[in-house]
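In: Dropping a prediction and its sequence here:
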Amino acid sequence: MRLRFIKQFCCEIYPIPQEYTLIFHQGDTMKTSFRRNLTALATVAISTISAWNPATAATFEQAEVDQNKFIAVAAPFGNNAHQLLIIEQVSPKRECWSESGTNPVTVEPLLLNFDFTGICGRSTDSNGYSIRMDGQDLGLQYLLRIVERDGDLVLVGTSRTDRTAPEIILGKTNGISNGFSKIVLNPGWRFTRRTYQGKTLGHIYLTSDMATGGTGYGYGYGYGYWWYFLYFPRHRFRCLRFGNSTGGGAWVRSWV
């Protein structure tokens with residue numbers, strides 16, 4: 001067994017300090033492993049309150065990018081639903097998308113017609129993009145969604161943990177079509193790229209310099225800590241999540 005990762009909700013990978021490792025024994029059943037680690041779980045939760053700061057577990061920064069090389073798209077899927085797709089023009093070798101029309105602007109995802117490796121970048125879920133406001137990474141707190149509202153497709157950030165928290169509205173398509181539509185970001189929003197210790201990563205931020213204010217973002221250190229334990233026998237790994245009641249926390253994942 002080797003401890004591998006500490007993770008965000010959707011597979012963003014972080015290293016975990018050795019003092020926070022939880023040991024899962026090969027051959028354990030769910031029941032015996034749970035009992036064996038109950039004391040360890042309590043110890044980790046208590047020590048986390050005083051010694052582990054979720055905000056500094058992995059301190060991400062942002063790097064400015066050429067806005068003309070990125071586009072946010074409302075991509076159709078399922079039964080009249082849409083999801084956020086971000087396309088990046090990495091190399092000028094071939095165009096990654098084209099635009100036509102107005103209200104909404106129709107997008108043709110040209111990258112689907114060729115091997116776009118090294119030419120285009122594509123982010124389709126929270127592995128590849130998240131919200132950043134006032135220098136704070138909100139990937140753990142807010143989920144990006146596209147909702148139909150008043151004859152428009154609206155890009156919103158909704159709280160993962162607090163249903164009463166106000167939405168963050170990032171942009172809209174200015175109309176609805178049956179295909180791919182360009183999302184026009186609201187004033188004050190832009191694309192940036194995530195960096196870690198000076199290294200540029202593939203993750204894209206939808207960024208605003210506005211303070212989070214009433215978005216409901218924040219950590220409540222020292223109170224309301226919780227954890228839950230997941231076991232995936234088919235995939236041969238077990239996961240533990242611990243954090244606080246406002247949504248801070250991390251995955252500890254071990255292979256068996």
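Out: It's in. Numbers count the residues shown, from 1 in each chain.
In: ranges for the helices of the chain?
Out: For the chain, the helices defined by DSSP state H cover 30-51, 54-57.
In: tally of neighbours for the spatially closest residue to N174 that is not a sequence neighbour?
Out: Spatially, and ignoring its direct neighbours in sequence, N174 is nearest to N103 (4.8 Å; Cβ to Cβ, 6 or more residues apart in numbering). C-beta: built from backbone N, CA, C; applies to glycine. N103 has 12 neighbours, counted by other Cβ atoms under 10 Å.
In: try A74
Out: When neighbours are counted by other Cβ under 10 Å, A74 comes out with 27.
In: still on that earlier bit, how close does the residue nearest to N174 get to R122?
Out: 25 Å (Cβ to Cβ, to the nearest Å).
In: Could you do P92 as well?
Out: 17 Å.
In: quick one: which of the two has more around it?
Out: More crowded of P92 and R122, by other Cβ under 10 Å: R122, with 15 against 9.
In: doesn't I87 make contact with the more buried one?
Out: Yes: using Cβ atoms under 8 Å, R122 is in contact with I87, at 5.8 Å.
In: so what sits against both of these two?
Out: Common contacts of R122 and I87 (Cβ atoms under 8 Å, 6 or more residues apart in numbering): L111.
In: got a list of what the closest residue to F116 other than its chain neighbours touches?
Out: Distances taken as Cβ to Cβ, 6+ apart put C96 closest to F116, at 6.6 Å, once the chain neighbours are dropped. By Cβ under 8 Å, 6+ apart, the residues touching C96 are I87, E88, Q89, V90, P109, L110, L111, F116, I119, C120.
In: Could you break this structure into its assigned domains?
Out: Per automatic domain parsing, the domain ranges recorded for the chain read 19-52+224-255, 60-215.
In: any idea of the mean pLDDT in the last one?
Out: For domain 60-215, the mean per-residue pLDDT is 95.
In: Could you count how many residues lie near the closest residue to Y196 other than its chain neighbours?
Out: Excluding the flanking residues, the one nearest Y196 by Cβ to Cβ, 6+ apart is F60, at 5.6 Å. The tally of other residues near F60 (other Cβ under 10 Å) stands at 19.
In: So F60 is in contact with D137, correct?
Out: Yes: F60 sits in contact with D137 when judged by Cβ under 8 Å, with a separation of 5.1 Å.
In: okay, and the common contacts of the two?
Out: R194.
In: Many thanks, I have nothing further to ask.
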